[in-house]
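K.L.:
need a 3D model of the following:
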Amino acid sequence: MAERHVLGLSGGRDSAALAVYMSRARLHSKTCWIVWTATRR
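P.N.:
Residues are numbered from 1 along each chain as shown. Okay, the predicted model is just below:
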């Protein structure tokens, strides 16, 4: 089974910056898998 890491993003400026960074990192790495999901309150 593959190891997975989960990041909770709040939607603030820091979380948005991290999401953009991770998206760009994905373009340069074939081993980095990112799954985006949303939750409702």
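K.L.:
ranges for the strands of this structure?
P.N.:
Counting by DSSP state E, the chain has no strands at all.
K.L.:
all helices of it, in order?
P.N.:
Applying DSSP state H to the chain gives helices spanning 13-28.
K.L.:
tell me where the model's unsure across it.
P.N.:
1, 40-41 (pLDDT under 70).
K.L.:
what count of nearby residues applies to residue 18?
P.N.:
13 (other C-beta atoms under 10 Å). For glycine as for every other residue, the C-beta is placed from the backbone atoms N, C-alpha and C.
K.L.:
repeat that for the one 4 residues further on.
P.N.:
Number of residues near residue 22 (other C-beta under 10 Å) recorded here: 14.
K.L.:
now do the one 3 residues further on
P.N.:
Around residue 25 there are 11 other residues, counting by other C-beta under 10 Å.
K.L.:
how near is it to residue 18?
P.N.:
Remark: distance between residue 25 and residue 18 (C-beta to C-beta, to the nearest Å) = 10 Å.
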